[in-house]
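Asks: need a 3D model of the following:
(2 chains)
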Amino acid sequence: MSIRERLSGNEAAAIAMKQINPDVVAAFPITPSTEIPQYFSTFVSNGSVDTEFVAVESEHSAMSACIGAEAAGSRAMTATSANGLSLMWEMIYIASSLRLPIVMSLVNRAVSGPLNIHNDHSDAMGVRDSGWIMLFSENNQEAYDNLLMAHRIAEHKDVLLPLMVCQDGFITSHSIENIELVEDEKVKEFIGTYKPEHYLLNRKEPMAVGPLDVQTYLFEHKYQQANAMRNAKKVIEEVSRDFEKMTGRKYSFFEEYKLSDAEVAIVCMNSTAGTAKFVVDSLREKGVKAGLLKVRMFRPFPAEEIANALSHLKAVAVLDKADSLNAAGGALFEDVTSSMYVNKEQVPVVNYVYGIGGRDTTSYEIEGVYNDLMEIAKTGEVGNPYRYFGVRREK
Amino acid sequence: MIEIRWHGRGGQGAKTASLLLADAAFNTGKYIQGFPEYGPERMGAPITAYNRISTEPITIHSNIYEPDYVVVVDDTLLDSVDVTAGLKKEGAIVINTTKDADYIKSKLKNYEGEIYTVDARKISLETLGKYFPNTPMLAAIVKVSKIMTDEELINDMEGSFKHKFAKKPEVIEGNMNALKMALSEVKKV
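Replies: Modelled structure (predicted):
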């Protein structure tokens, strides 16, 4: 029997880490993820985990310590947000290129400046090409579940890539909600012990980690890294299936909510998907065939699968909680539209940038997007595909 | 689904009260959300916190714009915050105040729903010796909204207070008395 609880998203992430009981946690506090290492450090003090907790002096050092620990042959975890991730930037790429399956909780927040501590996805979008697997979470439950699956995915011999689990800062990280926890012993059994094939503390196999990689080698190493990301899809599918067997909770690359018979749909990530479900339900009562595609697996990006899932629609809106400032649409929009183009799916698609810097995303605004889509479906006129909602501006 | 909006001032415990209410409703088997609206908080500044309570899973993740109930923890907010914004007229507002009906109605302008008041300052000073309005206001909103029975609240909060005040057991009895007193003293205007 699972355990019925009520926890904030940060508490859920910390409890997952407690059950995972990694060898090393290295972290530096930053809002809104601060509570994760804070709660975890109490587990260390109370002896409920036997983790080595390294209270470093910066996020650059947090990621460096995780890299050292993981290269040595241990399991390492961390948590951060926004500018903390920015300060890790150099080491983020090194972690993935050294093929170290570090697991991070990223509690999404706007990257400065001007200074803002609230939620958007600009931190995550800044590392979308860094070679980390990226899973997004609608609520505390998914943040918890994704973390429980993380090590099995990241440490798989065909993958060996670091993985970050994203959730929305404050909106889910600081909201108390119901959650179903898995028993400690079941988690332990599900995750298993980490047995790296190559590691620094293996005296029988002396090795160098991260030496000079010149013109004759780097390209091949990057190609292997790209293949590992391609392989991750199959592994994420397998691990999610095993997780469903244990918990009954089904996870795919993305969630299709009332999508199969929908005429119009929204594509989005994290907590906004929950609000969109609420709106879809109310629109369905009025006879509007609205649907939702919630992306869980953003890296690797399930291009072909998403193109197929959206192919029957009359109009689609992709919501980006980060502005790419490129005069050509947000990151999720670009990924979705290029997937559709390559897979020869011709459906009108528009982009909305929204919720920047913690601007509240209301059900009324989401309903407005569906109304826009119904209009596009009726007329076939897309108009300006690069749109915004929730921002004040001159008319 | 019942939606509740709390208005208080930083330091008065409106956020804690919303989390305690979520806790108590969770313990009666409900689906719950409890969350504050984080801003540039400082002592005395207006703050908002929210609760959703439902028998079905809750997916919406936005602030609450059309609440069923509003709790005002500090009546000086009536001058500066539009506390009844979006409040459903079949709902109710619960205010910590000693002011009379005419004064309150003049502040709430066009609001047509029910108004309840409780003197949380008096209750808090009598039972705790200090001004912590959130415990009496928690009892008042439970009484008005009927989210749970008085008995369920009292039984549940005893456990919560024992946990919350494990290092200050001397304040548990006072808080329990504050709850009981507020349950009996909240009145319709």
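
Asks: A:V187 - nearest residue in space that isn't next to it in sequence?
Replies: For A:V187, ignoring the flanking residues on the chain, the nearest one in space by CB to CB, 6 or more residues apart in numbering or on different chains is A:Q19 at 4.1 Å. Bear in mind the C-beta positions are built from the backbone N, C-alpha and C, glycine included.

Asks: ignore what I typed, I meant A:Y388.
Replies: If the residues on either side of it in the chain are set aside, A:Y388 comes closest to A:V353, at 5.1 Å by CB to CB, 6+ apart.

Asks: mind listing what the one you found touches?
Replies: A:D320, A:K321, A:A322, A:D323, A:G330, A:Y386, A:R387, A:Y388, A:V391 (CB atoms under 8 Å, 6 or more residues apart in numbering or on different chains).

Asks: ok so, going back, chain B versus the residue nearest to A:V187, what's the distance?
Replies: Counting by CB to the nearest CB, to the nearest Å, the gap from A:Q19 to chain B is 21 Å.

Asks: A:A69 too?
Replies: Taking CB to the nearest CB, one finds A:A69 at 33 Å from chain B.

Asks: one more: A:Y341?
Replies: Where chain B is concerned, A:Y341 sits at a distance of 32 Å (CB to the nearest CB).

Asks: assumed that residue was part of a strand.
Replies: No. Remark: A:Y341 does not belong to a strand; assigned using DSSP: H, G, I helix; E, B strand; the rest coil, it is helix.

Asks: ok so, going back, for the residue nearest to A:Y388, name its beta-bridge partners.
Replies: Beta bridges link A:V353 to A:D320, A:Y388, judged by DSSP bridges.

Asks: please compute how far stretch A:329-348 lies from its chain's middle.
Replies: Relative to the mean C-alpha coordinate of its chain, stretch A:329-348 is positioned 20 Å out (CA atoms, centre = their mean, to the nearest Å).

Asks: quick one: contacts for the closest residue to B:P57 other than its chain neighbours?
Replies: Among residues not flanking B:P57 along the chain, B:Y31 sits closest, at 5.4 Å (CB to CB, 6+ apart). With contacts defined as CB under 8 Å, 6+ apart, B:Y31 is in contact with A:E177, A:N178, B:R52, B:I53, B:S54, B:T55, B:E56, B:P57, B:I58.

Asks: okay if I get those residues as CSV plus pLDDT?
Replies: As requested, the contacts of B:Y31 are exported to CSV (pLDDT from 0 to 100):
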residue, pLDDT
A:E177, 98
A:N178, 98
B:R52, 98
B:I53, 98
B:S54, 98
B:T55, 97
B:E56, 97
B:P57, 98
B:I58, 98
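
Asks: can you list these in JSON lines and add neighbour count, secondary structure and distance to A:N227?
Replies: Listed next are these as JSON lines, based on neighbours: other CB atoms under 10 Å in any protein chain shown; DSSP: H, G, I helix; E, B strand; the rest coil; distance: CB to CB, whole Å:
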{"residue": "A:E177", "neighbour count": "26", "secondary structure": "strand", "distance to A:N227": "38"}
{"residue": "A:N178", "neighbour count": "20", "secondary structure": "strand", "distance to A:N227": "40"}
{"residue": "B:R52", "neighbour count": "24", "secondary structure": "strand", "distance to A:N227": "45"}
{"residue": "B:I53", "neighbour count": "24", "secondary structure": "strand", "distance to A:N227": "49"}
{"residue": "B:S54", "neighbour count": "16", "secondary structure": "strand", "distance to A:N227": "46"}
{"residue": "B:T55", "neighbour count": "9", "secondary structure": "coil", "distance to A:N227": "49"}
{"residue": "B:E56", "neighbour count": "8", "secondary structure": "coil", "distance to A:N227": "44"}
{"residue": "B:P57", "neighbour count": "12", "secondary structure": "coil", "distance to A:N227": "39"}
{"residue": "B:I58", "neighbour count": "19", "secondary structure": "coil", "distance to A:N227": "41"}
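
Asks: report the two of those residues separated the most.
Replies: For the contacts of B:Y31, the farthest-apart pair by CB to CB is A:E177 and B:T55; their separation is 14.8 Å.

Asks: ok, the residue nearest to A:V187 to A:S33 distance?
Replies: 18 Å (CB to CB, to the nearest Å).
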